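>>> Return atomic coordinates for the entry below.
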Amino acid sequence: MGAVTIDLNRTLFDLTEQYPELIQIFLEIGLEGVIHPEMRRTGGKIMPVIEGLKQHGVALEDAVKTLTEKGFNVSY
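Alright, predicted model coming up:
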């Protein structure tokens, strides 16, 4: 089985529900709210990950690099 492709235009909630291992990775990237289940169920259902990265001042290239190093293919 090959690497999983994740789309950063999907919401934080959707991605972390499908791939719970992303919670720790997104936390490492700088999305601190991801650790709180209530945050994922509220704001995390509304905002695409790519927008969350912008709001937290995380460079898209850095996020993609980290996710790729962790074994994910990334689209956006």
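>>> contacts, neighbours, all on C-alpha from now
OK.
>>> tell me the SS of the residue lying closest to Ala59 once chain neighbours are set aside?
Nearest residue to Ala59 in three dimensions, chain neighbours excluded: Leu53, at 7.0 Å (CA to CA, 6 or more residues apart in numbering). Following DSSP: H, G, I helix; E, B strand; the rest coil, the label given to Leu53 is helix.
>>> residues touching Leu53, list them.
Gly30, Leu31, Ala59, Leu60 (CA atoms under 8 Å, 6 or more residues apart in numbering).
>>> what's the answer for Gly43, then?
By CA under 8 Å, 6+ apart, no residues touch Gly43.
>>> if I look at it, how far off is Phe13?
Note on Gly43: its distance to Phe13, by CA to CA, to the nearest Å, is 8 Å.
>>> which secondary structure element contains Glu17?
Here Glu17, judged by DSSP states H and E, is contained in helix 12-18.
>>> contact partners of that helix?
So helix 12-18 is contacted by Ile6, Leu22, Ile23, Val34, Arg40, Arg41, Gly44, Lys45, Met47, Pro48, Val49 (CA under 8 Å, 6+ apart).
>>> Phi, psi for Asn43 please.
Careful, residue 43 is Gly; it's not Asn. Main-chain torsions, Gly43, degrees, to the nearest 10: phi -60, psi -30.
>>> Show me which pair in the contacts of helix 12-18 is furthest apart.
Farthest-apart pair in the contacts of helix 12-18 is Ile6 and Arg41; separation 19.0 Å (CA to CA).
>>> Leu31 is in contact with Lys54, isn't it?
No. The criterion here is CA atoms under 8 Å, and Leu31 misses it with Lys54 at 10.3 Å.
>>> Looking at these two, which is more packed in?
Higher neighbour count among Leu31 and Lys54: Leu31, with 20 against 11, using other CA atoms under 10 Å.
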